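Participant: Next comes the sequence, and after it the predicted model I'd like to discuss.
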Amino acid sequence: MTGGIFALCIVILSVICRTRICDHGHRPGAVVTVRYMPFCLDPCPHTTNTSGGETDGMLELADVLAARERVAETSRHTPLEYSHTFSAMTGADVHLKQEVFQRTGAFKIRGATNRIATLPEKHREAGVVTASAGNHAQGVALAASRMGVDSVVVMPEGAPNAKVTATREYGAEVILAGTDYDEATERARGIEREEGRYYLPAFDDWEVMAGQGTLGLEIVEDLPGVDTVVVPIGGGGLIAGIATAITGNQPDTRIVGVEAKGASSAAESLQRGERVERDSVSTIADGIATRTIGEKPFRVIQECVDEVVTVSDADIAVAVTQLLKRSKTLVEGAGAVPLAALLAGEFDYEDDETIVPVLCGGNIDMNTLTTVLVRGMIEIGRYLRIRTVLPDRPGALDSLASVISGTGANIYAIRHDRTSRDVAMDNAEVALDLETRGPEHVAELLDALEAAGYDVDVLT
């Protein structure tokens, strides 16, 4: 990391103060599902069997209400805050569900607590094992420790160090294995067979989903009549629980799911009408980087979710940056995707429509944060990287700097290379990191450089 990037992150981090239903049209090409069961109250309830799993059924509002009693002492009722900034930016009535202030920094503590609380005693005595990219890991570790249950968590080898460290501190044994969540799951399943532990799913479990749904109960209690709730999708447990809780109370509320483009298994599954497994995933939103949607969540999504859209990593970086800059709130990539979809216009909404983006987690690794912030600043025109070629003679670099300073841009870092094979022997390649004021300022700067005779490449 260059000194310029480090300085940029310090400046940005210094601003942190604290870590109607209508005839909705749908964006052309968006994935849309019809809500067949408006109350999501399937008459065939699920029951716990002797293996600790569930028989076939459908998640019901009653399950979420029961879960609330079990998780009350472990999880917090997190704030739902009106955002003047994002309301002004979008024209909607935006309220942010601040699950970043949950214990462990994410919603996963809800589902983990409910699942462990409903396990038969023999499974609690044997201990639990799970796989997670980070947030479920911390939720299981803390919930298990508070209930006196031994826990082992398998995390992908590339899991953010902050999440690995926190999981260990919450009391779990952590094993790093595999390149992604699915490979980590294979290792965890092996431990389940070898040690006789109970495998605690991250999302594909009725009790886990019911626990996550308690977040939805808080939304409808704090903001009755909410029009649209926007929820991240990884494995699908969170949106399945929230959709059940909200539509069971307010069947006219629209539920919009959001995935990263590089991990869009739910959107692809809905398009095909069956679950799809991607060969690989690639996104800065590591918390939702799953190759496939869960079987049980997919059933709920098909019946209770109105629309699923996707956002790019650039959109996610902008949302993370804007939340830090404007709301003084640090949110991880997975938690920022609902706001990213809103800011990018990935779904249609009416003026003054009441919209709740669910900011589901804030556990972002500092190295990842550096990358995300720089990318976000580039996208909003506050940071620019350029490359040009100068004559290798005294005063050439000073002349370039004079043009840049004349536009009011600030130089963060300069890299000057006389040995590059891409330039002539009597030239030097120069790359600069610049602080700019926005897209219009970037255009002004590039025009000034072109007018001065510089051939500039913009780097991303």
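Facilitator: Looks like it came in fine. Because the structure is a prediction, the values reported are computed rather than measured. Numbers count the residues shown, from 1 in each chain.

Participant: Go ahead and confirm residue 371 touches residue 316.
Facilitator: No: contact criterion Cβ atoms under 8 Å: residue 371 and residue 316 do not qualify, at 11.4 Å. (C-beta placed from N, C-alpha, C; glycine too.)

Participant: hang on, residue 213 packs against residue 244?
Facilitator: Yes: assessed by Cβ under 8 Å, residue 213 is found in contact with residue 244 at 5.3 Å.

Participant: who does the host helix or strand of residue 402 touch, helix- and strand-wise?
Facilitator: Element membership for residue 402, per DSSP states H and E: helix 396-406. With contacts taken as 3 or more Cβ pairs under 8 Å, 6 or more residues apart in numbering; DSSP states H and E, helix 396-406 sits against strand 383-391, strand 410-417, strand 427-435, helix 439-451.

Participant: dump the residue contacts of the spatially most central residue of the chain.
Facilitator: Nearest to the mean C-alpha position of the chain, by Cα atoms, centre = their mean, lies residue 334 at 0.6 Å. By Cβ atoms under 8 Å, 6 or more residues apart in numbering, the contact list for residue 334 reads 135, 232, 234, 285-288, 360-361.

Participant: picking up where we left off before, so what sits against both of residue 371 and residue 316?
Facilitator: By Cβ under 8 Å, 6+ apart, the residues touching both residue 371 and residue 316 are residue 284.

Participant: Please identify which of the two sits among more neighbours.
Facilitator: More crowded of residue 371 and residue 316, by other Cβ atoms under 10 Å: residue 316, with 32 against 16.

Participant: hey, C-alpha coordinates of the helix or strand in which that one is found in PDB?
Facilitator: If you go by DSSP H and E, residue 316 is part of helix 313-326. In PDB, the C-alpha atoms belonging to helix 313-326 read as follows (Å, rounded to 0.1, in the frame of the first residue of the first chain):
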ATOM      1  CA  ASP A 313     -18.300  -4.500  -7.000                       C
ATOM      2  CA  ALA A 314     -17.900  -0.800  -8.100                       C
ATOM      3  CA  ASP A 315     -21.500  -0.100  -6.900                       C
ATOM      4  CA  ILE A 316     -20.700  -1.800  -3.600                       C
ATOM      5  CA  ALA A 317     -17.500   0.200  -3.100                       C
ATOM      6  CA  VAL A 318     -19.400   3.400  -3.700                       C
ATOM      7  CA  ALA A 319     -22.000   2.400  -1.100                       C
ATOM      8  CA  VAL A 320     -19.400   1.500   1.500                       C
ATOM      9  CA  THR A 321     -17.600   4.800   0.900                       C
ATOM     10  CA  GLN A 322     -20.800   6.900   1.000                       C
ATOM     11  CA  LEU A 323     -21.900   5.300   4.200                       C
ATOM     12  CA  LEU A 324     -18.600   6.100   5.800                       C
ATOM     13  CA  LYS A 325     -18.500   9.600   4.400                       C
ATOM     14  CA  ARG A 326     -22.100  10.700   4.900                       C
END
